[in-house]
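K.L.:
Test case, fold it:
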Amino acid sequence: MSLTLLAVGDVSPRHSDDGRNLEAVRDLLRSGDITFGQLEEPLSNRGARQLYAGLGGPLWDGPPFNPDEGAEQMLDHGFDVMSFAGNHTMDRSEESMFDTVDAMRKVGIPLLGVGADIDAARTPVILEKDGTRIGFLGYATVLPGGYAAGPAKSGVAPLRATTFYEQVDWQPGTPPRIRSFPEPADLDALVADIKALRPRVDVLIMSVHWGVHFEPHTIAEYQYTYAHAAIDAGADAVLGHHAHILKGIEVYKGKPVIYSLNNFLLRPRGDDGEWLSEANTPSDQQKSIMVKFTLDQGRITQFAIQPIWLDHRPRPEAPSPDDPRAASVLDYLRWCNERQSLDTRITVRDGEFVVDLG
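P.N.:
Below is the predicted model:
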């Protein structure tokens with residue numbers, strides 16, 4: 001018997017929406033045997049705002065948000081497991097982080113990539129469905145100072161990277177090449193986590209908050225290194241988020257790497273209605289995807305893409321294959337792949353956009 005694993009990008013239920021923001025995709029989310037998303041922001045305002053906290057305004061400093069209501073909304077819309085490893089997890093220190101973890105646990109949705117110390121943050125989540133065990137690990141690269149968990153410190157499981165600027169032309173004043181490399185200790189920890197989890201599960205999913213946000217198609221060098229190392233160690237798929245824009249998809253050794261799923265439920269505009277970046281067009285930020293993995297006999301046998309269109313409220317929609325918006329999303333994704341020289345083939349099969357796993 002086959003199973004369906006659905007995955008979407010950044011999700012924040014902290015929007016005033018009287019339950020309607022996900023109305024158009026509720027049945028789709030619920031259709032997954034297991035549905036995954038990235039919880040972008042804490043469900044609580046408790047705790048001191050940190051120095052590097054994200055966007056200001058009512059998102060953070062408005063009326064107190066009820067964590068239990070946010071968790072119930074995620075449950076009602078079909079989410080079974082979520083990563084909470086990100087650059088906003090500790091925006092109000094550990095109080096709001098633990099409020100969120102506790103609220104989600106109460107409704108039965110485990111969170112990845114966070115904990116009271118580094119061991120807890122690196123602890124996997126294992127879900128079993130109809131005899132198939134699916135393991136999840138969650139990490140983040142784009143962490144402000146002090147957000148990473150440590151031996152005696154709460155926070156996020158880190159996959160840090162270092163950036164260098166390499167002169168490539170003898171002429172002074174010419175642009176450098178940007179190089180980025182994984183932190184060796186974090187790379188070793190990732191490989192160790194995957195190798196420890198691999199014998200315990202049938203399918204292993206790595207989730208990571210990373211990348212250059214808002215910039216079309218760019219994939220940083222360190223992302224390839226981490227993704228390939230994860231698959232070499234035993235991961236079956238890598239789910240990337242944070243970039244707030246769609247990025248390319250790679251098939252590495254027959255395993256999918258989705259470098260950015262883009263947003264799913266997140267404001268595409270700032271507090272005053274402005275677009276959050278001038279590096280891309282507004283329509284770029286409206287193109288998103290849901291991925292659909294078919295699991296059969298303990299492995300991923302098919303990988304399909306459901307185009308998602310984001311309006312400005314924000315309310316995601318799932319256009320049909322013959323909808324021009326779906327074609328727009330697929331064209332953009334193919335363009336991202338071409339710009340990064342990713343030879344990923346996407347074909348239409350039985351009304352679905354299917355990625356060739358080779």
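
K.L.:
And the next helix or strand past the longest strand along the chain?
P.N.:
The residue-count maximum for a strand in the chain (DSSP state E) belongs to strand 299-310. With elements assigned by DSSP states H and E, the helix or strand that comes after strand 299-310 is strand 316-317.

K.L.:
now for that next one, which elements pack on it?
P.N.:
If you count contacts as 3 or more Cβ pairs under 8 Å, 6 or more residues apart in numbering; DSSP states H and E, strand 316-317 packs onto strand 299-310. To be clear about C-beta, it is placed using only N, CA and C from the backbone, and glycine gets the same treatment.

K.L.:
Buried residues, the strand it packs on. List them.
P.N.:
Within strand 299-310, the residues scored as buried using 16 or more other Cβ atoms under 10 Å are 300, 302-310.

K.L.:
Tell me, what's the model's pLDDT at the residue most central in space within the chain?
P.N.:
Residue closest to the mean C-alpha point of the chain, counted by Cα atoms, centre = their mean, is His241 at 3.0 Å. For His241, the pLDDT comes out at 97.

K.L.:
Same check on Met97?
P.N.:
So Met97 comes in at 96 (pLDDT).

K.L.:
which ones are touching it?
P.N.:
42, 84, 89-90, 114, 154-155 (Cβ atoms under 8 Å, 6 or more residues apart in numbering).

K.L.:
which stretches of the stretch 51-200 of the chain form strands?
P.N.:
With DSSP state E, counting those that start in this stretch, the ranges of strands along the stretch 51-200 of the chain come out as 81-83, 111-112, 114-115, 125-129, 132-140, 155-156, 161-166, 177-182.

K.L.:
got JSON lines for those strands, with mean pLDDT and distance to Phe264 too?
P.N.:
Formatted as JSON lines, those follow (pLDDT from 0 to 100; distance: least, Cβ to Cβ, whole Å):
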{"stretch": "strand 81-83", "mean pLDDT": "98", "distance to Phe264": "11"}
{"stretch": "strand 111-112", "mean pLDDT": "98", "distance to Phe264": "16"}
{"stretch": "strand 114-115", "mean pLDDT": "98", "distance to Phe264": "19"}
{"stretch": "strand 125-129", "mean pLDDT": "98", "distance to Phe264": "19"}
{"stretch": "strand 132-140", "mean pLDDT": "98", "distance to Phe264": "16"}
{"stretch": "strand 155-156", "mean pLDDT": "98", "distance to Phe264": "20"}
{"stretch": "strand 161-166", "mean pLDDT": "96", "distance to Phe264": "25"}
{"stretch": "strand 177-182", "mean pLDDT": "97", "distance to Phe264": "26"}
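
K.L.:
so which of those strands gets nearest His217?
P.N.:
In terms of Cβ to Cβ, the element of the strands of the stretch 51-200 of the chain nearest to His217 is strand 177-182, at 14.5 Å.

K.L.:
List every C-alpha atom in the closest one, with coordinates, as PDB.
P.N.:
Below are the C-alpha coordinates for strand 177-182, written out as PDB (Å, rounded to 0.1, in the frame of the first residue of the first chain):
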ATOM      1  CA  ARG A 177      33.800  35.300  -6.300                       C
ATOM      2  CA  ILE A 178      31.700  34.500  -3.300                       C
ATOM      3  CA  ARG A 179      32.700  31.200  -1.600                       C
ATOM      4  CA  SER A 180      30.800  29.500   1.200                       C
ATOM      5  CA  PHE A 181      31.700  26.400   3.200                       C
ATOM      6  CA  PRO A 182      30.000  24.300   5.900                       C
END
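
K.L.:
Which residue ranges of the stretch 1-150 of the chain form helices?
P.N.:
Listed in chain order, the helices of the stretch 1-150 of the chain (DSSP state H, counting those that start in this stretch) span 26-30, 58-61, 67-76, 93-106, 118-121.

K.L.:
which of these has the lowest average pLDDT?
P.N.:
It's helix 58-61: among the helices of the stretch 1-150 of the chain, that one has the lowest mean pLDDT, namely a mean of 44.

K.L.:
Now do the buried residues in the lengthiest helix in the chain.
P.N.:
Counting by DSSP state H, the longest helix found in the chain is helix 324-339. The neighbour-count check on helix 324-339 (16+ other Cβ under 10 Å) flags 325-326, 328-330, 332-334, 336-337 as buried.

K.L.:
do the same with stretch 196-212
P.N.:
Those would be 197, 201-212, for stretch 196-212 by 16+ other Cβ under 10 Å.
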